[in-house]
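J.: Based on what follows, work out the 3D shape:
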Amino acid sequence: MNAFRLGVCVGVILCPIIASAQQAAPAPAPAPAPGRAPPAPPGLSQPLPDGPFLYRTGEGQNIRVTVIARMAWPYGISFLPNGDMLVAQRIGELRRIPKGSSTPVLVPGGPKSIVPASAGQHGYMNIAVHPRFAQNQLLYLVYTKPMPDNKRTTAVARARYVDGKLLDTTDIWVGESITGGPASIAMTSDEKLWIGTSGGGSGALAQDPGSLASKVLRLNDDGSVPKDNPFVGKEGYRPEIFSTGHRTALGLTVNPVSGQVFLSEMGPNGGDEINLLKPGLNYGWPIVSLGRTYPGPWQSKENEPTHHGFETPVVYWTPSISVSGLTFYYGDAFPKWKGNLFVGGLRYGEIPGTGRVDRVLLNDKLEELRRESLLTDLHQRVRDVKAGPDGLIYVATDEEQGAILRIEPAP
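T.: Purely as a prediction, here's the structure:
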């Protein structure tokens, strides 16, 4: 494809739309029962073409998007110091894409995980690389761990990465009262491990200081509790907790310039949030939200969108884009995007097949100035987005026939 996209699909992507317009209109969806969410629509999902894809963007930064590898259900992207990419898959496998290659290679030795039976379940999720990887070769993997009696939970395994294999793989943290939903991890330069947990949509545990569900946890690199955590020694609080009142932790990232840690968390029907994590603060779920419940009413008890009395998000979405992974960009390949926040989205407004990458420009006080949606016409579930060490941006599409995409300046 050699034409720039002007907000509409061109070439092979447009053909199915034209063909469908010649068919009879589908029957209207049945009305939902009172107080119940309507059935999910069929959506706009489609196979990912071979590409490459060329785009104009709002800042005048023209880009080319290339499919560099295809694999089943990629979830999280991370990079080794030598430029190799690691990709965690929801089928409970870890793969490496060597620098300059497009061939994924299986990395054996990981923990046993539950292999999901549907797109809404999780196996391997995110990978974190130890800040002193060159000295200790340590990697961290958050995954869905099988438990006795057909139960499951969320766990973090630590392993040494040697010659393309994981060795000495050991769980250093296993969640309690957690049902194995989405989770995310990150490591800061002070060698602290951050874990974002989920607890189910009802939020029954998010405000419970004795539960690890729907929290952000902060641990030492061996899984022990740092002495300076905000709730250490406070009666009724788990000492692992750094912040409370979160919903569904889809992505953690560390701003490479400020060192601040940010969490993307999915709201209900709207109310997706990006939060700057601060010690001991409560982010409000399920008491407050900028989203509605799935049947329609506002989530907030006051029947209005508010965060009064709780920490407010840096960025939010209503309608929801079903936020996923996120990254700050400070490379040189896209000078007009330097300092911007990039956030993945699985679907927009509850319609399947409407995933995207949103670019958000913030000022020095983390106040939003403008945003732009990218890759919408590919109709893919975007699960992760990462700035690579080469200054380019990489995207994982969470599909049965998923892919890793590379965003680079257009020639």
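J.: contacting residues for residue 40?
T.: Going by CB atoms under 8 Å, 6 or more residues apart in numbering, residue 40 touches 350, 352. To be clear about C-beta, it is placed using only N, CA and C from the backbone, and glycine gets the same treatment.
J.: How much space separates it from residue 318?
T.: As judged by CB to CB, to the nearest Å, residue 40 and residue 318 stand 19 Å apart.
J.: got it, and residue 344?
T.: 18 Å.
J.: between those two, who's got more neighbours?
T.: residue 344 (29 against 16; other CB atoms under 10 Å).
J.: With just CA atoms, put the helix or strand hosting that one into PDB.
T.: Assigned by DSSP states H and E, residue 344 belongs to strand 341-345. Provided in PDB are the C-alpha atoms of strand 341-345 (Å, rounded to 0.1, in the frame of the first residue of the first chain):
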ATOM      1  CA  LEU A 341       2.200   8.800  26.400                       C
ATOM      2  CA  PHE A 342       1.100   5.900  24.200                       C
ATOM      3  CA  VAL A 343      -1.800   3.700  25.500                       C
ATOM      4  CA  GLY A 344      -3.200   0.500  23.900                       C
ATOM      5  CA  GLY A 345      -6.900  -0.100  23.600                       C
END
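J.: helices and strands around it, which ones?
T.: Contacts defined by 3 or more CB pairs under 8 Å, 6 or more residues apart in numbering; DSSP states H and E place strand 341-345 against strand 315-317, strand 323-328, strand 356-362, strand 382-387, strand 393-397.
J.: now that strand, how far from the chain's geometric center?
T.: Relative to its chain's centre, strand 341-345 lies at 8 Å (CA atoms, centre = their mean, to the nearest Å).
J.: Partner strands of that strand, with direction?
T.: Partners of strand 341-345 in the sheet, by DSSP bridges, are strand 323-328 (antiparallel), strand 356-362 (antiparallel).
J.: got the angle between the longest one and strand 382-387?
T.: Between strand 356-362 and strand 382-387, the angle formed by their directions is 40 degrees, by axes from the mean of the first three to the mean of the last three CA atoms, to 10 degrees.
J.: average model confidence for strand 356-362?
T.: Confidence over strand 356-362 (mean pLDDT, whole number) is 97.
J.: which element follows that strand toward the C-terminus?
T.: As assigned by DSSP H and E, the chain's next helix or strand after strand 356-362 is strand 368-374.
J.: What residues of that next one count as buried?
T.: Using 16 or more other CB atoms under 10 Å as the burial criterion, the residues of strand 368-374 that qualify are 371-372, 374.
J.: now, among those, which is nearest to residue 114?
T.: Closest approach to residue 114 among the buried residues of strand 368-374 (CB to CB): residue 374, at 32.6 Å.
J.: List the contacts of the closest one.
T.: Residues near residue 374 by CB under 8 Å, 6+ apart: 55, 57, 63, 356-359, 407.
J.: If we only consider those residues, which is nearest to residue 328?
T.: residue 359 (11.1 Å).
J.: Enumerate every residue touching the closest one.
T.: Shown in contact with residue 359 (CB under 8 Å, 6+ apart): 57, 337, 340-342, 371-374.
J.: show me where pLDDT drops low in the stretch 251-400 of the chain?
T.: Filtered on pLDDT under 70, the stretch 251-400 of the chain yields the residue ranges 298, 301-305.
J.: now do 80
T.: 291-306, 308 (pLDDT under 80).
J.: now swap in the stretch 1-150 of the chain and tell me
T.: Those would be 1-38, 116-121, if you go by pLDDT under 80 across the stretch 1-150 of the chain.
J.: change it to 70
T.: Applying pLDDT under 70 to the stretch 1-150 of the chain flags the ranges 1-35, 117-120.
J.: Can you show me the strands along it?
T.: 53-55, 63-71, 74-79, 85-89, 93-97, 105-106, 124-129, 138-147 (DSSP state E, counting those that start in this stretch).
J.: Reformat the ones you listed as a markdown table; add distance to residue 329.
T.: Listed next are the strands of the stretch 1-150 of the chain as a markdown table, based on distance: least, CB to CB, whole Å:
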| stretch | distance to residue 329 |
| --- | --- |
| strand 53-55 | 16 |
| strand 63-71 | 12 |
| strand 74-79 | 14 |
| strand 85-89 | 17 |
| strand 93-97 | 20 |
| strand 105-106 | 27 |
| strand 124-129 | 18 |
| strand 138-147 | 23 |
